[in-house]
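Novice: sharing a model that was predicted from the sequence below.
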Amino acid sequence: MALYSETDEARFVPETNPKLNFRSEYRKDFARVIHCASFRRLQGKTQLFPGYESDFFRNRLTHSLEVGQIAESIAFCANETNPYFQDNPIQPRICLTAALLHDIGHPPFGHNGEAALDEMMLPFGGFEGNAQTLRIVSQLEKKRYRPDVECPIDRRAGLNLTYRTLAAVLKYDSLIPAERPKGAEVCKGYYFEDHPVVDDIKKHVVPGWTGGAKFKTIECAIMDIADDIAYSTYDLEDSLKAGFLTPVKILTSGMDLLERVARIVTKKIGRTLTARDVLRTFADLFISRVDPAAMAAVRDPNDDDLVTLSKALLAIEEMEATSTSGQARTEFTAELVGKFVEAVEIEVDEATPALSRVKVQDDVLQTIETVKTYTYEAVIASSRVKLAEYRGKEVVSGIFKALSGKDGHILLPEDTLHLYKAANGIRQREMRVISDFIAGMTDRYAVEFYGRLHSDSPQTIFKDI
């Protein structure tokens, strides 16, 4: 069976434009993403460190671009090295487009913003970044409308992307319940009200789909792995640049942190890791940055203690350059990305090639998950970063409470207010409109909007909402 079919290129709203037939349907998808407002707004959403701290640190936009480059590289590598894909090449442009879209549904303030919105939306289907991504591209973006539906809140077709590209952003084949109990954790999947969209995607990408195994296309799996690679390398690089981490700090980590990371990675990869395994992973990464002759000199049994210590300190200084030298950091991350990409393998599903399994070699997967988890636990979950994030959760919750309270909807911008009224009093739809509005905010706009509601020095009324 072929990897692609004509039904992959179909769209919610059929389109014909013979004057622009020099582009493939997937290149049109890419162009639509690049030019849409939701993609541009990623530049104002936090990745690891708040954007106002430094121009160096990545934001959601630059992170997505890096994920896209890595995803394309994985596809090109598979097309070059795997005999099946030499005859049935993967479309790298779909992988790239999926990567550019993968974080487009994230609200302001990252995971804290997501948690705040989900908490507010629990009685109405919750909130989740990946589900919101699908919602944005299939409905919220203002590119196409369904001509066969009258109600404005239902007839939007978003960017009207091809079904194969839409499938590439469907990371979790799981229906989020329409209502969840208070205190429930964020549930990954797609919204209850969007399940007809997902059913439509499956029908076109895998004709005759009857369920069974989880639905995850090869392009989506490539994007997902590329995201893990980018997280593990570039969040570490940003942490090294910021001074939150250094090779010495990592290699002298407390046992509590190392054991916590080992437990989390064990659960992720299904193999038992110890604190020593975590330490060994980083030792292998950083010691490889030291001149082998210098490392050999440290172990010279003919040296006395003082000489050995001196040589060891010189080796450590060279290793520390990974955090103090921009060139060393760049070389370090480039080597990691190259190593990780080459370790990606694809098991072709002959019956359903579109759902072929993409995986990473076991030893490299362990490294990726260890680095990613350590960075999260040591930096993202640290009190210094959490302190900055806490305000974000307060801001998102405060805005939602204001807009969802009595007559709060009148504070919405005119176009959003129109959608709210089109819900015709159906509370679940009204709350989803509010959630969509807040999720689309950048960090800065959310703080400004919150300030206009609560600050002693609000913006002028002549500034648009």
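Specialist: Yep, that arrived.

Novice: tell me where the protein has strands.
Specialist: Ranges of strands in the chain, per DSSP state E, are 344-347, 357-360.

Novice: looking at these, which is nearest to residue 167?
Specialist: Across those, residue 167 has its closest neighbour in strand 357-360 (14.0 Å, CB to CB). C-betas here are computed from N, CA, C, even on glycine.

Novice: just checking, what packs against the closest one?
Specialist: Using 3 or more CB pairs under 8 Å, 6 or more residues apart in numbering; DSSP states H and E as the contact test, the elements touching strand 357-360 are helix 218-230, strand 344-347.

Novice: got the contact list for the residue lying closest to residue 91 once chain neighbours are set aside?
Specialist: Nearest residue to residue 91, sequence neighbours excluded (CB to CB, 6 or more residues apart in numbering): residue 26, at 5.5 Å. Taking CB atoms under 8 Å, 6 or more residues apart in numbering, we find residue 26 in contact with 9, 91, 93-94, 97, 162, 164-165.

Novice: farthest-apart pair in the residues you listed, please.
Specialist: Across the contacts of residue 26, no pair lies farther apart than 9 and 97, at 13.3 Å, counting by CB to CB.

Novice: who has more neighbours out of these two?
Specialist: residue 97 (32 against 17; other CB atoms under 10 Å).

Novice: dump the residue contacts of the residue nearest to that one when sequence neighbours are not counted.
Specialist: Once flanking residues are discounted, residue 97 sits nearest to residue 30: 4.7 Å by CB to CB, 6+ apart. Residues in contact with residue 30 (CB under 8 Å, 6+ apart) are 93, 96-97, 100.

Novice: could you list the low-pLDDT ranges of the stretch 251-400 of the chain?
Specialist: The stretch 251-400 of the chain contains residues with pLDDT under 70 at 289-319, 321, 381-389.

Novice: follow-up on the earlier one: any idea which of the contacts of residue 26 is closest to residue 359?
Specialist: Distance ranking of these against residue 359, using CB to CB, places residue 94 first at 19.1 Å.

Novice: burial measure for the closest one, as a count.
Specialist: With neighbours defined by other CB under 10 Å, the count for residue 94 comes to 32.

Novice: wait, doesn't it sit right on residue 221?
Specialist: No. Taking contacts as CB atoms under 8 Å, residue 94 lies outside contact range of residue 221: 11.8 Å.

Novice: hey, where'd the helices end up in the stretch 101-250 of the chain?
Specialist: Along the stretch 101-250 of the chain, counting by DSSP state H, counting those that start in this stretch, helices occupy 110-121, 129-135, 152-155, 163-167, 195-205, 218-230, 236-242, 247-251.

Novice: looking at the helices and strands packed on strand 357-360, which is buried most?
Specialist: Across these, averaging neighbours per residue (mean count of other CB atoms under 10 Å) puts helix 218-230 on top, at a mean of 25.

Novice: now that one: how far from the chain's centre is it?
Specialist: Counting by CA atoms, centre = their mean, to the nearest Å, helix 218-230 is centred 9 Å from the centre of its parent chain.

Novice: which strands or helices does it pack on?
Specialist: With contacts taken as 3+ CB pairs under 8 Å, 6+ apart, helix 218-230 sits against helix 60-81, helix 92-101, helix 163-167, helix 326-342, strand 344-347, strand 357-360, helix 362-375.

Novice: which one, of the ones you listed, ends up nearest to residue 210?
Specialist: Closest among those, using CB to CB: helix 163-167, at 16.3 Å.

Novice: by contact count, what packs against that closest one?
Specialist: By 3+ CB pairs under 8 Å, 6+ apart, helix 163-167 packs against helix 25-35, helix 92-101, helix 195-205, helix 218-230.

Novice: turn those into JSON lines, columns for distance to residue 142.
Specialist: Converted to JSON lines, these look like this (distance: least, CB to CB, whole Å):
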{"stretch": "helix 25-35", "distance to residue 142": "11"}
{"stretch": "helix 92-101", "distance to residue 142": "16"}
{"stretch": "helix 195-205", "distance to residue 142": "17"}
{"stretch": "helix 218-230", "distance to residue 142": "25"}
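
Novice: just send those back as TSV, with distance to residue 65 and mean pLDDT too.
Specialist: What follows is the helices and strands packed on helix 163-167, written out as TSV (distance: least, CB to CB, whole Å; pLDDT from 0 to 100):
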stretch	distance to residue 65	mean pLDDT
helix 25-35	10	95
helix 92-101	7	97
helix 195-205	25	92
helix 218-230	10	96
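
Novice: closest to residue 212 out of the ones you listed?
Specialist: Closest approach to residue 212 among those is made by helix 195-205 (11.4 Å; CB to CB).

Novice: what's that closest one packed up against?
Specialist: helix 163-167.

Novice: tell me the domain boundaries of this structure?
Specialist: Per automatic domain parsing, the structural domains of the chain span 6-224+347-358, 228-335, 387-454.

Novice: can you tell which of those is closest to residue 373?
Specialist: Shortest distance between residue 373 and the domains of the chain, using CB to CB, is found for domain 228-335: 5.0 Å.

Novice: report the contact partners of the residue nearest the centre of the chain.
Specialist: Note on the chain: the residue nearest the mean C-alpha position is residue 103, at 4.4 Å, using CA atoms, centre = their mean. Contacts for residue 103 (CB under 8 Å, 6+ apart) come out as 42, 45, 60, 63-64, 129, 133.
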